[in-house]
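> only the shape, not the letters, is given here:
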């Protein structure tokens, strides 16, 4: 077994293997280990300098900016739903499980009047975040190496509490602590953000996770776990003479894992704990801590943009029961992942007439017309493309003019009044 790149790996009992290997094109070699075991379960400890290692210390998990967690995005959603959130340029922001602060540092840099606090259990990422923050001269960012369980009253209230990629990957008692921190430290009109894996889509992904974890169950070296997990998907998805739905699902999952950094596969898909929940279960859990469902971080996800008129009409019969509506929408979409916004239970979100509050907001977009000379004033459809090659088409003259105008102003923001005047 190859040594770990950092620290040491100690195996208290040994296991003999008979290994059969085959090459898989584009992925590498898959090792099917057959068994000559001296015991059923191996017990390992990882240390560095006599200190127990966190898996995120062993395999670095690079973080980056998540626009959906930006206080501007969170405050916009709160405003649309009738809340009065704190000013973005003078807020307090807490991130639980911040890693190396790749999400916090850009926000702290561009919002010097706001205060940002991040906590994470892994020492190495926190050290890296502190070094970069010091290099940038950030005085409005604090990073703490500590457990979510240890967040106490000294931290005070926050206008925004964020936990991205934590809830589904921690034990039940830590999920309780996460929601408890959000409840105790969220200001009266504050917004909480929690992302998590969901059912029913999680059933499909769990099938893949279980197969990969079974295959690498006796492999401890991180890089080998990663390569063998990918090799297994390639092996299984290419082993039948005829394609069927099952093989198509496997190939899609192989494509997905190939797109991401290998550390994501190690910490997400191969994690010992990775527990999706149904949306209604998450909402019920949050309610136990005095928190209420507000919205989704991606507002468009709450709209039936891909549903048939018949499905939309049936969902409309649910009226104000937004939780049931969202749950049935997940059934239709086979949803796998959510980014849910929460508020305090005493806040009653306004579910209707969001358009009335749009006039108080500002807009920006990097869309540009696909055509070199688009017809913006006729009912003829026109396509617009963003910097990441996403496309949208509309035949509405006002919308076409609005998209074109915003594209000329990017990256600046414009008021709703200015946008309306330019679009008419």
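Nice, I can see it. Computed from a predicted model, the values in this text were never measured in an experiment.

> going forward, measure contacts between C-alpha atoms and count neighbours the same way
Noted.

> you'd agree residue 176 is in a helix?
Yes - assessed by DSSP: H, G, I helix; E, B strand; the rest coil, residue 176 belongs to a helix.

> residue 194 touches residue 297, doesn't it?
No - look at residue 194 against residue 297 with Cα atoms under 8 Å: they stay out of range, at 9.3 Å.

> overlap in contacts of those two?
Residues within reach of residue 194 and of residue 297 at once, by Cα atoms under 8 Å, 6 or more residues apart in numbering, are 339-341.

> just the ones of these in strands?
In strands, defined here by DSSP state E, the members of the shared contacts of residue 194 and residue 297 are 339-341.

> got those as CSV, with neighbour count and distance to residue 364 columns?
Converted to CSV, those look like this (neighbours: other Cα atoms under 10 Å; distance: Cα to Cα, whole Å):
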residue, neighbour count, distance to residue 364
339, 19, 22
340, 19, 23
341, 24, 22
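
> which SSE is immediately downstream of whatever helix or strand residue 253 lives in?
In the assignment (DSSP states H and E), residue 253 maps to helix 245-259. Note on helix 245-259: by DSSP H and E, the next helix or strand toward the C-terminus is helix 262-264.

> ok now that following helix, how far from the chain's centre?
Computed by Cα atoms, centre = their mean, to the nearest Å, the chain-centroid distance of helix 262-264 equals 14 Å.

> what's the weakest-modelled helix or strand in the protein?
Least confident helix or strand, the chain: strand 8-11 with a mean of 29, by mean pLDDT, DSSP states H and E.

> returning to what we had before: of the ones in strands among the shared contacts of residue 194 and residue 297, closest to residue 375?
Nearest to residue 375 among those is residue 339, at 37.1 Å by Cα to Cα.

> look up how far residue 167 lies from the nearest residue to the closest one once chain neighbours are set aside.
Computed as Cα to Cα, 6 or more residues apart in numbering, the closest residue to residue 339 that is not its neighbour in sequence is residue 195, at 4.2 Å. When distance is defined by Cα to Cα, to the nearest Å, residue 195 is 7 Å away from residue 167.

> what is the neighbour count of residue 179?
The number of residues packed near residue 179 is 24, by other Cα atoms under 10 Å.

> quick one, what contacts residue 144?
117-120, 126.

> how long is stretch 150-164 from one end to the other?
End to end - Cα to Cα - stretch 150-164 spans 18 Å.

> and the contacts of it?
Identification of contacts with stretch 150-164 by Cα under 8 Å, 6+ apart yields 69, 71, 74, 85-86, 91-98, 181-182, 184-187, 189-196.

> do the same with stretch 132-142
104-105, 108-109, 112-118.

> can we see that at 6 Å?
Stretch 132-142 is contacted by residues 115-117 when judged by Cα atoms under 6 Å, 6 or more residues apart in numbering.

> what about those residues, which are in strands?
Among those, DSSP E puts 115-117 in strands.

> which of these tops the neighbour count?
Using other Cα under 10 Å as the neighbour test, the ones in strands among the contacts of stretch 132-142 are led by residue 116, with 23 neighbours.

> I'd say that one and residue 93 touch.
Yes - Residue 116 lies in contact with residue 93 (Cα atoms under 6 Å); the separation is 4.8 Å.

> could the shared contacts of residue 194 and residue 297 go into a markdown table alongside pLDDT?
Supplementary listing: these in a markdown table, determined by pLDDT from 0 to 100:
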| residue | pLDDT |
| --- | --- |
| 339 | 98 |
| 340 | 98 |
| 341 | 98 |
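
> dump these into TSV; add distance to residue 206 as well.
Listed next are the shared contacts of residue 194 and residue 297 as TSV, based on distance: Cα to Cα, whole Å:
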residue	distance to residue 206
339	19
340	21
341	25
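
> report the buried residues of stretch 399-410.
399-407 (16 or more other Cα atoms under 10 Å).

> meant to ask about stretch 313-331, not that
Residues of stretch 313-331 classed as buried: 315, 322-323, 325-327, 329-330 (neighbour count, 16+ other Cα under 10 Å).

> equivalent analysis for stretch 284-302, please.
Across stretch 284-302, burial judged by 16+ other Cα under 10 Å covers 285-287, 289-298.

> check stretch 74-84 too.
For stretch 74-84, burial by neighbour count (16+ other Cα under 10 Å) applies to 74-83.

> who touches the top strand by length along the chain?
When the chain is parsed with DSSP E, its longest strand is strand 186-197. The contact list for strand 186-197 (Cα under 6 Å, 6+ apart) reads 85, 157-165, 167-168, 276, 336-343.

> parallel or antiparallel, list what pairs with it.
According to DSSP bridges, strand 186-197 forms sheet pairs with strand 158-163 (parallel), strand 337-344 (antiparallel).

> okay, now the spatially closest residue to residue 103 that is not a sequence neighbour: neighbour count?
Closest residue to residue 103 apart from its sequence neighbours, by Cα to Cα, 6+ apart: residue 65 at 4.2 Å. Residue 65: 14 surrounding residues under other Cα under 10 Å.

> my guess is residue 65 meets residue 104, correct?
No - counting by Cα under 6 Å, residue 65 stays clear of residue 104, with 7.5 Å between them.

> what is the mean pLDDT for stretch 113-132?
Taken as a whole, stretch 113-132 carries a mean pLDDT of 95.

> and the end-to-end length of that stretch?
By Cα to Cα, the extent of stretch 113-132 from end to end equals 19 Å.

> hmm, back to that, now name the helix or strand holding the residue nearest to residue 103.
Using DSSP H and E, no helix or strand contains residue 65.

> quick one, phi/psi of it?
Dihedral pair for residue 65: phi -70, psi 140, per degrees, to the nearest 10.
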